[in-house]
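Trainee: turn this into a model:
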Amino acid sequence: MPHGPEAPIGIKNVLAFWVLGLCNNFAYVIMLSAAEDILSLEEGSTSDNSTGKEYSCLVTQNRPSSVHSDIDRLCPTGRYTSCFIHQSFIAVYHESSALWVSVVVASIGSGLGEVTYLSLTSHFSNRVVASWSSGTGAAGIFGAFAYAALTDSHMLSLSPRHTLICMLVIPVLFLLTYYCLLELPVSIHRVRLTSPSTYLVPITVDYRRLPVCENSSDEEDRPEIENETEPLRTPRPSFKEKVIENSIMRKSCLNFTLAMRGYIIEVSNYHLLLAPFHLMLVKSLRFLFYLHFQPLLKFMIPLSVVYFAEYFINQGLVQLLVFDCASGFNLGPSSQYRWYQVLYQIGVFISRSSSECISLPPIFLPLLAVLQMFNAGFFFVDALRRFIPHIAIIFGIVLYEGLLGGASYVNTFNVIHKTVSARDREFSMGFASMSDSFGIVAAGFLAIPVHNYICKTSVI
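Mentor: Next up, the predicted model:
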C-alpha cells in the first residue's frame, strides 16, 4: 500500500515553526524574568504568576475541543495582538492594576498560541514538532538573557520599561512569520481577512492528506489519492453523512451516540431516536474518556509532574536562595534571580533542540518526572537549611532542571505525533498541551503557602 502524501517539510516551514515557537513564548518568558521588578510595585510573591497561568490553563482546556477538526487563522491574529498588548501595558503603565492585566493577557496569549500551533503540527511532518520545541526553548534563553543583559547594572543598565519597549518588535516578527513564511498545506482551511465568507470553517477534513509519520498506524488504512497536488474538492455532504462524520463513535455506523442541544441522538441503521439528557451526558463523557483521553494520560501525567516540580522551584524557591557577594559572584538579589532564569532557559533550549539527535522512548518519560521531583525536594530543603555554600552549585542544578523539563516536553509531543492516528492527531496534540498548564497552576498555588512557611521557619 503506498504511503500517504507528505506535508511540506521544507526549510521554510521548519524555520517558520522555530520562529513561531520563539515568538509565542517570548512574552511569557519576559514576564517571568521581570517578576521581581513587577512584584516590587506591590506586595506578594507568586500570586501574579499563578493567576496568569490560571487563564492560560483555561484557554488550553477549552481550545482543543473547538479546533478538533480545523485550524483557522483568527487565533494567530489574536495571539499577535495579546503579545503586543502585554508588553505595551508593562512598558507604559506602572499602576498595579495595569500590570495584572498585562500578566493575564500574556498568559492567555501563551496558552492560546501553544494549543493552536501544536494542533497545527498535525498537518505537517513530525520534524516541525522538534522545530517548534526548539523555538520555544530559544524564547526562554533569548528572552531571559536579553532581559538580564539589558537591565543588569554591569551591562547596558536599561530600565525595565525601556527594555520592554525595545522588545515590541517580537509581535511584528510573529505576524510576518505566519502570513509570509509559513507554507500551509491544502488540508488547512485558509481565511482571507478581506473575504468574510471564508471565516466559517468547513466541517469536512481530508485526513488522507495529513502526513504519515514513522511508527504510525495510519499507513495501511490510508486510501490512495489520484492527484495529491490539487486542492480537495468534496461534494456537499448529506445530513446523514454529516451526522456520521461528526459522531464521537465514528468507527461504527450502525450504533453510536451523538450529543446535541440537551438530548442525545442514537443512530441505529440511520434511524434517529431521542434519549434523556442524563443518558447522553454519561454515555458521551464515558466514551470520550476511553476513546480520546485515557490513551493520552500516560503522556500527560509525567509532563504535568515535571512542570509542577520545575515551576515550584522557579517561582517558589529559587528567589529565596540569595547569596552574599563573596559566594554570589558579586551579584545582587535581583540579578541572581534573573541569572537563575537564564540558566534554566539554557537547559530547556538545549534539550528541546536535541530531539533530532536523541529521542527518548516513552518508557523514560515517567523517569524524568521522578528526577524533577527530586530536584524540587532538594531545593526545598536547601531553602530551609541553606547548606549549599556557593551560588555556582545552584547554577549547575538549575541548568540540569531545565534539561529535564525541555526533554520531557519535546519527547512527549514527538511520541504523540508519531503514534496517534492522523484522524485523532490534531485533537491529541492540542489536548495534551494543557498538561504542562495543569502542573504550572498547581505549582503556583502551592508556592504561595510554601514560600510563606520558609520565610517564617528558615534558619538564615
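Trainee: wait, residue 345 touches residue 140, no?
Mentor: Yes: with contacts counted by Cβ atoms under 8 Å, residue 345 reaches residue 140, the gap being 3.0 Å. The C-beta positions use only the backbone N, C-alpha and C, and glycine is treated the same way.
Trainee: could you tell me which residues touch both of these two?
Mentor: 29, 402 (Cβ atoms under 8 Å, 6 or more residues apart in numbering).
Trainee: quickly find the element holding the nearest residue to residue 155 once chain neighbours are set aside.
Mentor: Among residues not flanking residue 155 along the chain, residue 149 sits closest, at 4.9 Å (Cβ to Cβ, 6 or more residues apart in numbering). Using DSSP states H and E, the secondary-structure element containing residue 149 is helix 127-151.
Trainee: averaged pLDDT, that helix. What do you get?
Mentor: Regarding helix 127-151, the rounded mean pLDDT is 84.
Trainee: other SSEs contacting that helix?
Mentor: helix 11-33, helix 96-120, helix 160-166, helix 333-352, helix 391-419 (3 or more Cβ pairs under 8 Å, 6 or more residues apart in numbering; DSSP states H and E).
Trainee: and the fourth one, what does it pack onto?
Mentor: If I follow you right, that is helix 333-352. helix 11-33, helix 35-39, helix 127-151, helix 294-316, helix 391-419.
Trainee: swap in the third one?
Mentor: Helix 160-166 makes packing contacts with helix 74-92, helix 127-151 when contacts are defined by 3+ Cβ pairs under 8 Å, 6+ apart.
Trainee: wasn't residue 184 part of a helix?
Mentor: No: read with DSSP: H, G, I helix; E, B strand; the rest coil, residue 184 is coil and lies in no helix.
Trainee: gap between the closest residue to it other than its chain neighbours and residue 197?
Mentor: Distances taken as Cβ to Cβ, 6+ apart place residue 190 nearest to residue 184, at 6.6 Å, with adjacent residues excluded. Relative to residue 197, residue 190 is positioned 12 Å away (Cβ to Cβ, to the nearest Å).
Trainee: what residues are up against residue 148?
Mentor: Contacts of residue 148 (Cβ under 8 Å, 6+ apart): 33, 335, 338-339, 341-342.
Trainee: of the residues you listed, closest to residue 315?
Mentor: For the contacts of residue 148, the closest approach to residue 315 (Cβ to Cβ) belongs to residue 341, at 10.2 Å.
Trainee: against residue 401, how distant is the closest one?
Mentor: 11 Å.
Trainee: ok but residue 328 is inside a helix, no?
Mentor: No: counting by three-state DSSP, residue 328 is not part of a helix but coil.
Trainee: tell me the contacts of it?
Mentor: 322, 336, 390-391.
Trainee: ok, which pair from these is furthest apart?
Mentor: 322 and 390 (12.8 Å).
Trainee: out of these two, which sits in the busier spot?
Mentor: residue 322 (16 against 12; other Cβ atoms under 10 Å).
Trainee: three-state assignment of that one?
Mentor: Going by three-state DSSP: residue 322 is coil.
Trainee: that one and residue 334 touch, don't they?
Mentor: No: contact criterion Cβ under 8 Å: residue 322 and residue 334 do not qualify, at 9.8 Å.
Trainee: coming back round to it: reformat the helices and strands packed on helix 127-151 as TSV; add mean neighbour count.
Mentor: Shown next, in TSV, are those (neighbours: other Cβ atoms under 10 Å):
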stretch	mean neighbour count
helix 11-33	23
helix 96-120	23
helix 160-166	18
helix 333-352	23
helix 391-419	22
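Trainee: right, so of those helices, which gets closest to residue 369?
Mentor: helix 391-419 (7.1 Å).
Trainee: could you export the helices and strands packed on helix 127-151 as CSV, including distance to residue 382 and mean pLDDT?
Mentor: Formatted as CSV, these follow (distance: least, Cβ to Cβ, whole Å; pLDDT from 0 to 100):
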stretch, distance to residue 382, mean pLDDT
helix 11-33, 21, 84
helix 96-120, 28, 74
helix 160-166, 29, 75
helix 333-352, 13, 85
helix 391-419, 8, 91
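Trainee: now the ones you listed as TSV including distance to residue 381?
Mentor: Below are those laid out as TSV (distance: least, Cβ to Cβ, whole Å):
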stretch	distance to residue 381
helix 11-33	24
helix 96-120	30
helix 160-166	33
helix 333-352	17
helix 391-419	12
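Trainee: nearest to residue 440, out of those?
Mentor: Once the helices and strands packed on helix 127-151 are compared by Cβ to Cβ, helix 96-120 is nearest, at 9.5 Å.
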